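[1] curious how this folds, go ahead:
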Amino acid sequence: MHFDPAFYLFLAIVAVTLVITYFAARKQQSASEFYTAGGGLSGWQNGLAIAGDYMSAASFLGIAGSIALAGFDGFFYSIGFLVAYLVVLYLVAEPLRNLGKYTVADMIAARFADRGVRGCAAVNAICISIFYMIAQLVGAGSLIHLLLKLSYAKSVGIVGVLMAVYVIFGGMRATSWVQIVKAILLMGGTLVITILVLSRFGFSIGGMFDQLHPLMDGKFLNPGNKYKIPLDTISLNLALVLGTAGLPHILIRFFTVKDAQTARKSVVFATWIIGLFYVMTLFLGFGAAAFVGADAIKHANKAGNMAAPLLAKALGGEYMFAFISAVAFATILAVVTGLVLTAASAFAHDIYGQLIRKGEATEQEQVTAARMASLGVSLISIILALSAEKLNVAFLVSLAFAVAASANLPAILFTVFWRRFTATGAMTGMIVGLITTVALVMISGSVWNPEPGKAIFTGKPIFPLENPGIVSIPIGFFAAFLGTVLSKKPSDDAKYDEILVRTNLGPNAEPVSELDMVTH
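    So this is what the prediction gives:
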């Protein structure tokens, strides 16, 4: 029986990641190891892992396809994903590391000893992770279907089984090293394609723009090809820029280092890697438009998700195609593993450990609950991904960003920076932000389209924008504000003083009053 080179590269990547999982499992002795790798990663290791977690199928497959099919509008994703890390670096990374332990809910619960707050934060983390995971599984299904000729459903199932195995047996340590290996492979593969694309234009970026300008009746380099409504463009970028600071699978990575200083270093390291990568996505998209063509891209996948692998085939032949496809597969495996771990941790640590068992669950019981949750999350994500085959993965991820920015970010920022903020405000913001975002998506053109086959359902959308961020994000912040000012329960000033000191000086700092801080 003859197999393509891609098949053997797929096997090699799976084998390497399984070996990593095996050795990680041997070191896993506690809940801390399972959730955060014992906080033992260095700054550069965690920076690579963050980059590996963040540069998802949406980045590699979805953005390249969006740029190839929509020109300038597709590049909005690259800009938004990159700028988002400035919000993380300046507002979230250090306070989160100083206040949390295992999950985002730990950070908010550090100020509010309220079971409802922890429960809302955990549910949000699970929902956002599943949203994000659907995008990765859609990319995986399209990729494996193209390469190995397996059905879309079987392809999604294969990835679903693998991601559950990595989390169940390897925990955060295995997940981190799979992400580090993936980040190195992805940067290397993207750099090779970028050089090949530039070589075809005589290493002249101006020449590349000149050649591509006539595409789409001379509108390829102009905005407005995809987002006809200007508000849609603003909405998308709001979700991308603010959403990263609320993504639980990114935020829990700050718990894998020993202190806030190392967390800052890891974000700076990750930002450089991510920045270089997103600059190169421009060449992937433009190269696909020039050397593959929109018709061939759509023929392989209507949403454009196969643009990057097809570009590799056009420029480097079957072996380059196989290598880039295998890198894309590694990309998907690394990200879905992190997402499963995040959702499983939220269930096991927050819902089971703190709410159901009221903090009395043993570490072994929590780890067992996390493993069972991994299976459940994987199954739910697989089922949902089977109905989303026709959607672009970059677009799907942007919806997860909208949920994160609307439901998580208001609670995170107000917890750290607003003295009057209350538990009622936190719960109101998280619940209203989540429900509003999901509801607007369900009645938007992302789900409904008058033309059959272009969306999940055939029909006229009620909400005119593809991304709900411009509406749902202000509603999330306003709901948190309104829940606070209308709450009958006053804020705990002493607790806020403690939070203020801990966010700035570390988790072991002694609480003092603001007057003492000014005096000394």
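[2] can you give me the helices in the stretch 51-200 of the chain?
    Applying DSSP state H, counting those that start in this stretch to the stretch 51-200 of the chain gives helices spanning 57, 63-70, 75-87, 93-99, 104-109, 115-148, 152-200.
[3] what packs against the fourth one?
    Where contact means 3 or more C-beta pairs under 8 Å, 6 or more residues apart in numbering; DSSP states H and E, helix 93-99 is packed against helix 104-109, helix 260-291, helix 409-417, helix 493-505. For glycine as for every other residue, the C-beta is placed from the backbone atoms N, C-alpha and C.
[4] and the helices in the stretch 301-450 of the chain?
    Using DSSP H, counting those that start in this stretch, helices in the stretch 301-450 of the chain cover 307-345, 363-385, 393-403, 409-417, 423-442.
[5] which one of these lies closest to residue 502?
    helix 409-417 (9.9 Å; C-beta to C-beta).
[6] that older thread, mind putting the helices of the stretch 51-200 of the chain in JSON lines, distance to residue 330, mean pLDDT and mean neighbour count included?
    Formatted as JSON lines, these follow (distance: least, C-beta to C-beta, whole Å; pLDDT from 0 to 100; neighbours: other C-beta atoms under 10 Å):
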{"stretch": "helix 57", "distance to residue 330": "11", "mean pLDDT": "68", "mean neighbour count": "28"}
{"stretch": "helix 63-70", "distance to residue 330": "16", "mean pLDDT": "88", "mean neighbour count": "30"}
{"stretch": "helix 75-87", "distance to residue 330": "19", "mean pLDDT": "84", "mean neighbour count": "21"}
{"stretch": "helix 93-99", "distance to residue 330": "26", "mean pLDDT": "81", "mean neighbour count": "24"}
{"stretch": "helix 104-109", "distance to residue 330": "26", "mean pLDDT": "84", "mean neighbour count": "26"}
{"stretch": "helix 115-148", "distance to residue 330": "11", "mean pLDDT": "82", "mean neighbour count": "25"}
{"stretch": "helix 152-200", "distance to residue 330": "5", "mean pLDDT": "84", "mean neighbour count": "22"}
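[7] reformat these as CSV; add distance to residue 249.
    Putting the helices of the stretch 51-200 of the chain into CSV (distance: least, C-beta to C-beta, whole Å) gives the following:
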stretch, distance to residue 249
helix 57, 14
helix 63-70, 19
helix 75-87, 14
helix 93-99, 13
helix 104-109, 10
helix 115-148, 6
helix 152-200, 10
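[8] which stretch among those helices approaches residue 437 most closely?
    helix 115-148 (9.4 Å).
[9] which pLDDT value does the model give the residue nearest to residue 122 when sequence neighbours are not counted?
    Nearest-residue entry for residue 122: residue 350, 3.7 Å, with adjacent residues in sequence omitted and distances by C-beta to C-beta, 6 or more residues apart in numbering. At residue 350, the pLDDT value in this model is 87.
[10] still on that earlier bit, and the helices of the stretch 301-450 of the chain, which one's lowest on average pLDDT?
    helix 393-403 (a mean of 77).
[11] so how far is it from its chain's centroid?
    When distances are taken as C-alpha atoms, centre = their mean, to the nearest Å, helix 393-403 is centred 8 Å away from the chain's centroid.
[12] that helix - contacts with which helices or strands?
    helix 63-70, helix 75-87, helix 115-148, helix 230-243, helix 423-442, helix 469-485.
[13] let's see 10 Å
    helix 57, helix 63-70, helix 75-87, helix 115-148, helix 230-243, helix 307-345, helix 423-442, helix 469-485 (3 or more C-beta pairs under 10 Å, 6 or more residues apart in numbering; DSSP states H and E).
[14] and those: which comes nearest residue 413?
    That would be helix 469-485 among those, by C-beta to C-beta, at 8.4 Å.
[15] contacts only, for residue 84.
    54, 237, 239-245, 247, 250, 271, 274, 401, 405 (C-beta atoms under 10 Å, 6 or more residues apart in numbering).
[16] ok, back up a step: and the helices of the stretch 301-450 of the chain as TSV, adding mean neighbour count and distance to residue 202?
    Shown next, in TSV, are the helices of the stretch 301-450 of the chain (neighbours: other C-beta atoms under 10 Å; distance: least, C-beta to C-beta, whole Å):
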stretch	mean neighbour count	distance to residue 202
helix 307-345	26	15
helix 363-385	19	42
helix 393-403	28	30
helix 409-417	24	45
helix 423-442	23	44
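[17] figure out which of the ones you listed is closest to residue 140.
    Nearest of those (C-beta to C-beta): helix 307-345, 4.5 Å.
[18] could you check the angle helix 363-385 makes with the closest one?
    Counting by axes from the mean of the first three to the mean of the last three C-alpha atoms, to 10 degrees, helix 307-345 points 140 degrees away from the direction of helix 363-385.
[19] what angle separates helix 307-345 from helix 152-200?
    130 degrees.
[20] got the angle for helix 307-345 vs helix 63-70?
    In terms of direction (the same axes, to 10 degrees), helix 307-345 departs from helix 63-70 by 130 degrees.
[21] quick check: angle from helix 307-345 to helix 115-148?
    Using the same axes, to 10 degrees, one finds that helix 307-345 and helix 115-148 are set 150 degrees apart in direction.
[22] chain center to helix 307-345: distance?
    With C-alpha atoms, centre = their mean as the basis, helix 307-345 stands 15 Å off its chain's centre.
[23] same question, stretch 218-229
    With C-alpha atoms, centre = their mean, you get 26 Å for stretch 218-229.
[24] could you give me the buried positions within that stretch?
    220-221, 225-227 (16 or more other C-beta atoms under 10 Å).
[25] then stretch 276-288?
    Buried residues in stretch 276-288 (16+ other C-beta under 10 Å): 277-278, 280-288.
[26] then stretch 48-65 to PDB, C-alphas only?
    C-alpha atoms of stretch 48-65 as PDB (Å, rounded to 0.1, in the frame of the first residue of the first chain):
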ATOM      1  CA  LEU A  48       7.300  29.800  23.300                       C
ATOM      2  CA  ALA A  49       4.400  27.800  24.700                       C
ATOM      3  CA  ILE A  50       2.200  31.000  24.700                       C
ATOM      4  CA  ALA A  51       3.100  31.600  21.100                       C
ATOM      5  CA  GLY A  52       2.400  27.900  20.300                       C
ATOM      6  CA  ASP A  53      -1.000  28.200  22.100                       C
ATOM      7  CA  TYR A  54      -1.900  31.400  20.400                       C
ATOM      8  CA  MET A  55      -0.800  30.800  16.800                       C
ATOM      9  CA  SER A  56      -3.700  28.500  16.000                       C
ATOM     10  CA  ALA A  57      -5.300  27.000  13.000                       C
ATOM     11  CA  ALA A  58      -7.100  30.400  12.700                       C
ATOM     12  CA  SER A  59      -3.700  32.100  12.300                       C
ATOM     13  CA  PHE A  60      -2.000  29.600  10.000                       C
ATOM     14  CA  LEU A  61      -4.900  28.300   7.900                       C
ATOM     15  CA  GLY A  62      -7.700  30.900   8.400                       C
ATOM     16  CA  ILE A  63      -5.800  34.100   8.000                       C
ATOM     17  CA  ALA A  64      -3.900  33.000   4.900                       C
ATOM     18  CA  GLY A  65      -7.200  32.000   3.300                       C
END
